[in-house]
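# sharing a model that was predicted from the sequence below.
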Amino acid sequence: MDTTRRVILATVLSVLVLIGFNYFSPQEQQQGPQPLLHENVVHNASQHMMSVAQSVESSVVKKPDPRLVINAPAVQGTVNLRGAKLDDLVLKHYRETVQPGSPDVRVLSPIGTPRPNYVDFGWRSSSTEPIRLPDDQTLWTASGSLLDVGHPLVLTWNNGQGLTFEIGLAVDDNFMFTVTQKVHNATNKPVALYPFYRVNRGYTPDEAESSLAHEGPIAVINDRLNEGSYKDVRTESTQPNGISWSERGQGGWAGITDKYWLMAVVPNQSRSVIGSYAWEALHGVYQVGFSDVTPVQVEPGQTQSTEIHVFAGAKEVNLLDDYERTLHIPMFWKAVDFGSLSFLTRPVFFILDWLNEKLGSFGMALLTFTVIVKVVFLPFTVKQMRMQWKMSTLRPQVDALRARYKDDPLFAQQQIMLLYRNENMSMFSGVIPLLIQIPVFWCLYKDLYITIEMRHAPFIGWIKDLSAPDPTNVFNLFGLLPFDPTHIFSFLVLGAWPIIYGITLFLMQKVGTLTSNSGDTKQAQAQKTVMLIIPVVFTLFMVHQPVGLVIYYCWSNILTAVQQGIIIARLKALDGKPQLVKKA
């Protein structure tokens, strides 16, 4: 297989993998809607959510609700004492953009804002006797005004019927809250209550249908991952409670995930729970959370409690692994969508992350990783180049066979295959190195796209975010002209790194053709034309790819060209040496 065909095959296979991989690869099996357990409890959840939605308008016109302040090392915000909702939180160490003065990333927002996200928790009762329970209008009393690491707070409310409710709040150095709900029974009758806890989202994100990273409802129950879509939650919801999916199990976790951020509730891993996705259609609210299967029994004069965790923050890979290990949260690492090939994408990420830790730059980590890949695949590359060189030396014999049997192309091809077989050559030997490198390409692309560690990771020069496309544009002379060409036509964009990629691809092809022995035939002219077209096509293709991937390919092209040049020089030197002839 000649060099031009090899390059065409490599580039075409890479594009096919990039564009169609997620559509043809096996997907995680999703559980279908399950019969709702304890329907009276979940129905009460729907009624509670409707009361929340109905209070939106009245809360807007009332004076601001009292709040307590959250000021931890990684997060800051407030807790709404009206309803005890965790609904105001920003991340201190993450910005919305790389521009100076960009605001911090907000992960929780209260009802009444354009993008409401909040976490609520409480109790439900299946008793026929009316019990006054805390709801969204309950005004809680706080034990202090500031929630910080080492300074937990307690919210208290008495229902006036002999029950006192408490909510203990604590936060760690990162993004995990501990929520402890207590009930003290001062009546003369036992009380059975079901704790609930859930994540609420009052809007549908614009990029909710991404095929590379799951965004939307997510849950792990019974050691099975379920990834729901916003559309399915809406269309498959059933009345009267709006449930679209539910499953009973022990422990687990559930929430709503974005590309880089996660809001999740984590129940006590020893308790039986019902996880569910629901849609409150009246006010457009997605609900993901848990209710306990068995009630908490509170005897007269006793106090009972239940503890859960709430995660609201960045999906840092090592941090999720640490929470999974210390809090025994099953499969918490799957909050980051490493995909069906996670057994490859995760190790590649950990290699890059380790190199970044040692070198201090993800850009340098990418360059070093490229060298490692080239060294690992060097034996295959050498074998491939030897085969190409041998094929070029046999080209005169191949041309002679085709000329001799030009009236019988099938027989001519059979004779050519016989010639290759006699010379111990395989037509597919050049394909194997290309195929084994495709998973590496995919892993890099996936990791650059989904992991927050590479978000806003800078490199040399103008590159401030390896996970984003090159921000420069040749059509405004790389920023020298004060206008944005894409405002005129959206296709007027071509960054510096994609141009560099096209140049290195052309040079790599040029070096590779040194093994060719086509002369000035029509085939040689066609190869030259293809060599000019391919760099242009793939330069345009790389325009919208993460610049980290483009840098990887530029460096890979340079290393490949150097490898090819050295190998070809050695092959030529070997061919030029006189061969010893054994005497008869």
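Cool, the structure landed.
# now the longest helix belonging to the chain: average pLDDT?
Using DSSP state H to define each element, the chain has its longest helix at helix 547-576. Helix 547-576 shows a mean pLDDT of 85.
# same thing with stretch 214-228?
Rounded mean pLDDT across stretch 214-228 is 95.
# nearest residue to the middle of this protein?
Ile450 (3.0 Å; Cα atoms, centre = their mean).
# I'd say that residue and Ala213 touch.
Yes. With contact defined as Cβ atoms under 8 Å, Ile450 counts as touching Ala213 (4.7 Å). All C-beta spots, glycine's among them, are computed from the backbone N, C-alpha and C.
# find residues that contact each of these two.
Lys259, Asp337 (Cβ atoms under 8 Å, 6 or more residues apart in numbering).
# contacting residues for the residue nearest to the centre of the chain?
Leu212, Ala213, Lys259, Val336, Asp337, Phe338.
# repeat for Pro267
Here Pro267 is in contact with Tyr197, Gly251, Gly252, Trp253, Val273, Phe290, Asp292, Ile308 (criterion: Cβ under 8 Å, 6+ apart).
# in three-state terms, label the fifth one for me.
In terms of secondary structure, Val273 is strand; the call rests on DSSP: H, G, I helix; E, B strand; the rest coil.
# about what we covered before: of all the contacts of Ile450, which two lie farthest apart?
With Cβ to Cβ as the measure, no two of these lie farther apart than Lys259 and Phe338, at 13.0 Å.
# got any ranges where the stretch 451-584 of the chain has weak pLDDT?
514-527, 575-584 (pLDDT under 70).
# for it, just list every one of the helices.
For the stretch 451-584 of the chain, the helices defined by DSSP state H, counting those that start in this stretch occupy 496-512, 522-542, 547-576.
# also the chain?
Assigned by DSSP H, the helices in the chain fall at 3-24, 39-61, 230-235, 317-326, 342-359, 362-376, 378-393, 395-404, 409-422, 432-450, 496-512, 522-542, 547-576.
# what is the nearest of the contacts of Ile450 to Asn174?
Among those, and counting by Cβ to Cβ, the member closest to Asn174 is Val336, at 15.3 Å.
# ok, that closest one to Pro469 distance?
According to Cβ to Cβ, to the nearest Å, Val336 and Pro469 sit 22 Å apart.
# those two - which one has more neighbours?
The neighbour count for Val336 versus Pro469, taken as other Cβ atoms under 10 Å, is higher for Val336 (27 against 18).
# nearest residue to that one other than its sequence neighbours?
Of all residues not flanking Val336 in the chain, Lys315 sits nearest, at 5.1 Å (Cβ to Cβ, 6 or more residues apart in numbering).
# go on, Gly363?
Phe459 (3.4 Å).
# number of nearby residues for Asn158?
Asn158, neighbours per other Cβ under 10 Å, totals 13.
# for the helices of the stretch 451-584 of the chain, which one sits closest to Ser392?
Going by Cβ to Cβ, the one of the helices of the stretch 451-584 of the chain nearest Ser392 is helix 547-576, 9.6 Å.
# so for the closest one, what gets flagged as buried?
547-557, 559-561, 563-564, 567-568, 571 (16 or more other Cβ atoms under 10 Å).
# what about the closest residue to Pro498 other than its chain neighbours, distance to Leu466?
Leaving aside its sequence neighbours, Pro498 sits nearest to Met542 (Cβ to Cβ, 6+ apart; 4.3 Å). From Met542 across to Leu466, the span is 14 Å (Cβ to Cβ).
# contacts only, for the nearest residue to Phe311 once chain neighbours are set aside.
Using Cβ to Cβ, 6+ apart and skipping the chain neighbours, the partner closest in space to Phe311 is Ala264 (4.5 Å). Ala264 sits next to Val199, Ile218, Trp253, Ala254, Gly255, Ile256, Thr257, Val310, Phe311, Ala312, Ala335 when contact means Cβ under 8 Å, 6+ apart.
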